[in-house]
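> 3D, please:
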Amino acid sequence: MDVTGSINNEDLTEAVENEEDVDYSEERELVEDSCSTKVLDNCAEPRDKYRIVYILFYLFGISSLVPWNFLITANDYWMYKFRDVEPNNLTMYVRKTQFQAEFTSYLNVATAIPNLIFLILNSLYGHWISIKTRLQGSLIIVTLALLVTTSFVQVDTDDWQNTFFIITIVSVVIMTAASAVFIGCLVGIASKFSEEYMAAVVSGQSLGGIIAAIAQIISLAFKISPLHSAIIYFSIADIMVILSLISYAMLYKIDFFTYHILRGSGMATNRHREASMLVILKKIWVYAFSIFAVFGISMAVYPAVTVLVESHPVTAGTDWNKIFFVPVVNYLIFNCGDYSGRLVAGFLLRPYNQWVIAGASLLRLVGVPMLMLCNAQPRKHLPVVFLWDYEYILIMIVFAFTNGYLTNIVMINSTRYECTVRASTCPWCSCGTTSTSSS
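Below is the predicted model of the structure:
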């Protein structure tokens with residue numbers, strides 16, 4: 001099978017029969033005030049001077065998952081907010097409250113469901129609203145929701161933990177929905193460039209997790225209180241999202257970016273016709289299933305189960321056991337493994353065959369029971385099979401690396417394949433060639 005997939009005559013006939021006229025008002029709106037529209041009059045492709053666009057794509061990738069990364073990293077803060085505040089509890093060792101034990105699971109649900117729903121809605125109905133409005137609007141919503149979350153850090157919520165829990169989950173749902181729209185638009189834009197720019201977006205998402213994990217470890221090393229560390233986490237997230245909002249507003253002044261946006265959308269000829277979404281979905285559904293499997297399998301245990309894993313009892317009483325085990329293994333090692341997988345995938349870009357990729361994505365399901373059999377506490381039914389720290393760390397590294405590797409493979413191959421379908425249905429379109437020729 002070719003890198004971009006094989007497309008037979010029957011597929012092309014079906015695509016041509018289902019193609020639709022494209023309204024270019026959106027692209028015109030994006031660049032109508034930009035001096036960079038002059039690039040259409042020049043046949044020479046502009047250069048990404050100083051790699052500015054590449055760096056900004058990295059920044060956008062980081063910002064796209066900043067809320068999620070810092071929300072799950074602030075585990076000590078949530079444990080403090082939902083701690084047992086009953087004055088009669090005089091025991092020396094206090095087990096986790098129901099909120100403490102289950103909050104991460106609720107956080108997973110509050111992110112997974114809105115993320116899936118709004119990714120689909122953005123794909124189906126996003127063309128009703130311009131990309132500029134969706135991208136900037138989603139970043140503004142994320143910023144406002146983060147500010148609400150930040151404002152509750154210094155508020156005493158001990159007497160109304162249930163209400164605080166509901167407010168937190170609602171704000172997470174809103175943030176996730178807005179982030180899903182932002183990610184959907186960002187991937188669509190990145191697909192118009194060479195594959196390294198898509199890799200920058202995907203790798204940036206993982207790099208954001210590393211930044212959050214390092215911030216947490218530093219705050220723990222300096223014994224910063226959960227409340228003060230939460231302010232630091234959420235403030236960093238706000239700054240990065242606001243910086244992305246400003247950077248995006250300036251992006252259309254860059255010739256290299258405008259050139260690819262206009263050429264990729266077919267405005268250079270003003271004759272481009274686009275294959276219907278149904279035809280494209282028929283061609284990339286295996287990739288869609290693969291990315292769903294990768295994320296679904298990861299979120300089944302990370303971080304809801306993995307955050308409950310405790311160090312081996314032999315380390316009891318040490319700082320490693322009490323302070324650093326969860327931040328280092330659950331957050332830093334996972335995100336470093338995930339980031340490494342995405343970097344390696346950017347060089348190898350194998351396997352090519354979509355069915356092999358789908359099979360490899362499903363194979364990661366083995367990691368779910370293995371992580372559940374680690375020393376996660378509290379537990380009632382399953383035994384602990386992997387009790388030692390090194391066993392858990394090795395499982396986590398493999399699980400994280402495969403998550404990042406397959407994510408990058410799927411994202412790059414699927415967008416290139418989609419562009420091939422589009423280009424094959426309209427020979428005058430530069431979408432497919434633009435996306436691959438400069439790589």
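> what about the protein, any weak spots by pLDDT?
Counting by pLDDT under 70, the chain contains low-confidence residues at 1-43, 87-95, 263-277, 280, 415-439.
> ok, 50 please
In the predicted model of the chain, residues 1-9, 11-27, 29-37, 90-93, 266-274, 422-439 satisfy pLDDT under 50.
> for it, longest helix please?
helix 389-425 (DSSP state H).
> hang on, Ser219 in a helix?
Yes - under DSSP: H, G, I helix; E, B strand; the rest coil, Ser219 falls within a helix.
> distance of it from Val329?
Here the criterion is CB to CB, to the nearest Å. By it, Ser219 lies 17 Å from Val329. Any C-beta I mention is one placed from the backbone N, CA and C, and that applies to glycine too.
> okay, these two: which has more neighbours?
Between Ser219 and Val329, counted using other CB atoms under 10 Å, Ser219 has the larger neighbour count: 22 against 19.
> my read: that one touches Ala230, true?
No - counting by CB atoms under 8 Å, Ser219 stays clear of Ala230, with 9.1 Å between them.
> what does stretch 358-373 contact?
With CB atoms under 8 Å, 6 or more residues apart in numbering as the test, stretch 358-373 has contacts from 286, 289-291, 293-294, 297-298, 300-302, 305-306, 309, 351, 382-386, 392, 395-396, 398-399, 402-403, 406, 410.
> in which helix or strand would I find Val170?
Per DSSP states H and E: Val170 is located in helix 161-190.
> ignoring the adjacent residues along the chain, who's closest to Gly188?
Nearest non-adjacent residue to Gly188, counting by CB to CB, 6 or more residues apart in numbering: Ile131, 7.4 Å away.
> drop anything exposed from the contacts of stretch 358-373.
Taking 16 or more other CB atoms under 10 Å as the criterion, what is buried in these is 286, 289-291, 293-294, 297-298, 300-302, 305-306, 309, 386, 392, 395-396, 398-399, 402-403, 406, 410.
> what about the strands in the protein?
20-21, 273-274 (DSSP state E).
> Ala178: how many residues sit nearby?
Quick note: Ala178 (other CB under 10 Å) scores 24 neighbours.
> likewise the one 5 residues further on?
Here the number of neighbours of Ile183 (other CB under 10 Å) works out to 22.
> the helix holding Val170 vs helix 389-425, what angle?
Interaxial angle of helix 161-190 relative to helix 389-425 (axes from the mean of the first three to the mean of the last three CA atoms, to 10 degrees): 40 degrees.
> list the buried residues of helix 161-190.
164-165, 168-169, 171-190.
> by contact count, what packs against it?
helix 52-64, helix 66-73, helix 98-125, helix 131-151, helix 195-221, helix 389-425 (3 or more CB pairs under 8 Å, 6 or more residues apart in numbering; DSSP states H and E).
> now render those as JSON lines, adding distance to Leu281.
Shown next, in JSON lines, are the helices and strands packed on helix 161-190 (distance: least, CB to CB, whole Å):
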{"stretch": "helix 52-64", "distance to Leu281": "23"}
{"stretch": "helix 66-73", "distance to Leu281": "26"}
{"stretch": "helix 98-125", "distance to Leu281": "9"}
{"stretch": "helix 131-151", "distance to Leu281": "20"}
{"stretch": "helix 195-221", "distance to Leu281": "19"}
{"stretch": "helix 389-425", "distance to Leu281": "10"}
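> and Asp255, which of those is closest to it?
helix 52-64 (9.9 Å; CB to CB).
> now what about that closest one, what contacts it?
Contact with helix 52-64 is made by 48, 139, 179, 182-183, 186, 190, 193, 196-197, 200-205, 207-208, 211, 240-241, 243-244, 247-248, 251, 254, 256-257, as judged by CB under 8 Å, 6+ apart.
> from the chain's centre, how far out does that helix sit?
Offset of helix 52-64 from its chain centre (CA atoms, centre = their mean, to the nearest Å): 12 Å.
> what residues sit buried inside it?
Here helix 52-64 shows Val53, Tyr54, Leu56, Phe57, Tyr58, Leu59, Phe60, Gly61, Ile62, Ser63, Ser64 as buried, counting by 16+ other CB under 10 Å.
> next, the angle helix 161-190 makes with it.
Counting by the same axes, to 10 degrees, helix 52-64 lies at 160 degrees to helix 161-190.
> using CSV, write down the CA coordinates of helix 52-64.
Only the C-alpha atoms of helix 52-64 are listed here, as CSV (Å, rounded to 0.1, in the frame of the first residue of the first chain):
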residue,chain,number,x,y,z
ILE,A,52,8.3,31.0,13.5
VAL,A,53,5.3,29.2,12.1
TYR,A,54,6.7,25.9,13.3
ILE,A,55,7.4,27.2,16.8
LEU,A,56,3.9,28.7,17.0
PHE,A,57,2.3,25.4,15.9
TYR,A,58,4.3,23.8,18.8
LEU,A,59,2.8,26.5,21.1
PHE,A,60,-0.7,25.9,19.9
GLY,A,61,-0.2,22.2,20.5
ILE,A,62,0.9,22.8,24.0
SER,A,63,-2.0,25.2,24.6
SER,A,64,-4.6,22.8,23.2
